[in-house]
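Participant: Structure here, sequence nowhere to be found:
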């Protein structure tokens, strides 16, 4: 019965595709406050930046480990107040998808599943580090994926796509093990 809830109908196929979460876990958690205790005496609003990266490993038998790394850096007057990083991972079982649909699922549903766990862990790290609570706003991974696919299509066709960093990323929204990441202008609440 539970398996029926995990079936997804694909437009390319009359058969049902399955997407199942096998395991969710924190792979790596880090908090640094390099300028403590002096940073607590600084006045002013912290400038908070967030960076996302994703790595995908094929585990065989339709299993994929997806690791979403969320890095938050806060600075006050160009001094690092804190750096919090969480690598939230999951093992996902996917079958019955076309290659294109599987690619989209890995880059939208998987990070969308992992992000709330990483967001909670970041919030706890920041609070436990002695700083005001930090609330990371939700991320629309479908929109990020769509934008990245459009950028890649424009790059392949030679059409200008706005500001280019010169970095060549893979054919995914976020890093899939090649060491590059997308900077996300994500709203935060302090």
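Facilitator: All right, it came through fine. For clarity, every value in this text was computed on a predicted model and none was experimentally measured. Numbering: from 1, shown residues only.

Participant: What helix or strand is residue 30 located in?
Facilitator: Take DSSP states H and E as the rule and residue 30 turns out to sit in strand 16-32.

Participant: List the buried residues for that strand?
Facilitator: Neighbour-count burial for strand 16-32, counted by 16 or more other CB atoms under 10 Å, picks out 17, 19-20, 31. Yep, even glycine has a C-beta here, placed from its N, CA and C like the rest.

Participant: Next one: residue 137 from residue 155, what distance?
Facilitator: 29 Å (CB to CB, to the nearest Å).

Participant: neighbour count winner among those two?
Facilitator: Using other CB atoms under 10 Å as the criterion, residue 137 and residue 155 rank with residue 155 on top: 14 against 11.

Participant: Got the phi and psi for the more buried one?
Facilitator: Torsion angles at residue 155 (phi, psi; degrees, to the nearest 10) stand at phi -60, psi -40.

Participant: Which pLDDT does the model give it?
Facilitator: Predicted confidence (pLDDT) for residue 155: 89.

Participant: Residue 177 now?
Facilitator: 32.

Participant: next one: residue 77
Facilitator: Reading off the confidence values, residue 77 has pLDDT 91.

Participant: just checking, it touches residue 46?
Facilitator: No. At 9.6 Å, residue 77 and residue 46 do not qualify as touching, with contact defined as CB atoms under 8 Å.

Participant: And the two? Which one has more around it.
Facilitator: A count of neighbours by other CB under 10 Å puts residue 46 above the other of residue 77 and residue 46, at 21 against 11.

Participant: all strands of the protein, in order?
Facilitator: 7-9, 16-32, 47-60, 63-76, 79-95, 135-136, 182-184, 188-189 (DSSP state E).

Participant: Quick one, which of those strands gets closest to residue 143.
Facilitator: For the strands of the chain, the distance to residue 143 is smallest for strand 182-184, at 10.8 Å, taking CB to CB.

Participant: average pLDDT across that closest one?
Facilitator: Strand 182-184 comes out at a mean pLDDT of 44.

Participant: Stretch 96-113 now?
Facilitator: pLDDT averaged over stretch 96-113 gives 95.

Participant: Now do the buried residues in that stretch.
Facilitator: 96-97, 101-113.
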